[in-house]
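A.B. asks: structure for the following, please:
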Amino acid sequence: MKLLDNKKRARIFYKYLSKVYDHVNKVNWNDEMRSEALEWLDFGDNDKALDVGCGTGFGTAGLLDHAEDVYALDQSIHQMEKAFEKFGKHDQVNFHRGDAERLPFADNTFDIVWSSGSIEYWPHPVQGLKEIRRVTKPGGQVLVIGPDYPSNPILKRVADAIMLFYDTDKADQMFTQAGYTTFQHHIQQATSRSPRAITTVARVPAEKRQTDESITASP
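C.D. replies: Modelled structure (predicted):
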């Protein structure tokens with residue numbers, strides 16, 4: 001187990017990081033990167049969108065520019081309190097405290113599910129991706145942003161000990177295991193010296209029930 005893919009340790013970590021998160025986060029994940037990622041999604045009228053691992057609401061704010069019915073979930077109440085300050089606790093966003101690997105929503109609820117800077121803390125990322133697919137409508141879109149491996153081999157070993165880092169080959173494996181058949185990876189980077197992010201845009205199969213049955217039947 002990595003240092004921060006333990007849920008209890010991650011909550012403690014974010015209890016303190018939440019105080020400065022918005023300032024630190026913009027070094028690696030900025031407005032321009034968020035805007036670029038949003039352009040890879042096809043928003044329609046009356047879309048219902050979910051931000052999984054919403055944190056202080058940076059991704060949520062981007063979704064609000066494109067969808068009126070926005071939900072947001074995080075396990076850290078300290079992070080969410082910062083989001084409440086921005087959007088109100090019961091106003092613009094439907095907030096839920098919960099676990100990405102056990103989403104408290106019914107099947108086929110959302111047209112678009114977004115998750116940025118969260119998958120690296122999930123102990124079982126494939127399970128989290130399956131949960132996202134479960135709550136997304138057939139034909140709906142999923143966008144997940146996670147950290148690419150550092151190129152430096154020493155930093156790579158350090159990164160591996162802290163939380164989930166992955167390359168495009170690993171991303172292929174995770175999304176395929178989670179039942180996605182159509183997806184594309186994009187590499188994003190704030191500056192040439194900043195850590196790289198892997199942004200995966202996936203389409204949930206229109207024949208979702210058949211895909212679920214085939215996964216269940218697999219050994």
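A.B. asks: quick one: the strands in this protein, in order.
C.D. replies: 48-52, 69-74, 93-97, 110-116, 136-147, 182-189, 196-203 (DSSP state E).
A.B. asks: isn't Phe87 up against Glu81?
C.D. replies: No. With contacts counted by C-beta atoms under 8 Å, Phe87 stays clear of Glu81, the gap being 11.5 Å. Yep, even glycine has a C-beta here, placed from its N, CA and C like the rest.
A.B. asks: which of the two has more neighbours?
C.D. replies: Neighbours were counted for Phe87 and for Glu81 using other C-beta atoms under 10 Å; Phe87 has more, 18 against 12.
A.B. asks: so for Arg34, which of the strands of the chain sits nearest?
C.D. replies: Among the strands of the chain, the nearest to Arg34 by C-beta to C-beta is strand 110-116 (7.6 Å).
A.B. asks: quick one, that closest one and strand 48-52 angle?
C.D. replies: 20 degrees (axes from the mean of the first three to the mean of the last three C-alpha atoms, to 10 degrees).
A.B. asks: which strands and helices sit next to strand 110-116?
C.D. replies: strand 48-52, helix 58-64, helix 125-135, strand 136-147 (3 or more C-beta pairs under 8 Å, 6 or more residues apart in numbering; DSSP states H and E).
A.B. asks: can you do 6 Å?
C.D. replies: Using 3 or more C-beta pairs under 6 Å, 6 or more residues apart in numbering; DSSP states H and E, the elements in contact with strand 110-116 are strand 48-52, helix 58-64, strand 136-147.
A.B. asks: what strands line up against it, and which way round?
C.D. replies: strand 48-52 (parallel), strand 136-147 (parallel) (DSSP bridges).
A.B. asks: pLDDT (mean, whole number) over it?
C.D. replies: Average pLDDT, strand 110-116: 98.
A.B. asks: how far does that strand sit from the chain's center?
C.D. replies: The chain centre lies 8 Å from the centre of strand 110-116; the measure is C-alpha atoms, centre = their mean, to the nearest Å.
A.B. asks: tell me the contacts of the residue most central in space within the chain?
C.D. replies: Most central in the chain under C-alpha atoms, centre = their mean is Ser115, positioned 1.8 Å from the mean C-alpha point. Shown in contact with Ser115 (C-beta atoms under 6 Å, 6 or more residues apart in numbering): 52-53, 144.
A.B. asks: quick one: it from Lys170, how far?
C.D. replies: Distance, Ser115 to Lys170, by C-beta to C-beta, to the nearest Å: 16 Å.
A.B. asks: cool, Phe183 as well?
C.D. replies: 13 Å.
A.B. asks: between these two, who's got more neighbours?
C.D. replies: Counted by other C-beta under 10 Å, Phe183 and Lys170 do not tie: Phe183 has more neighbours, with 19 against 16.
A.B. asks: now the more buried one. Nearest residue, chain neighbours left out?
C.D. replies: Ala202 (3.7 Å; C-beta to C-beta, 6 or more residues apart in numbering).
A.B. asks: run a quick neighbour tally on the one you found.
C.D. replies: Neighbours of Ala202 (other C-beta under 10 Å): 24.
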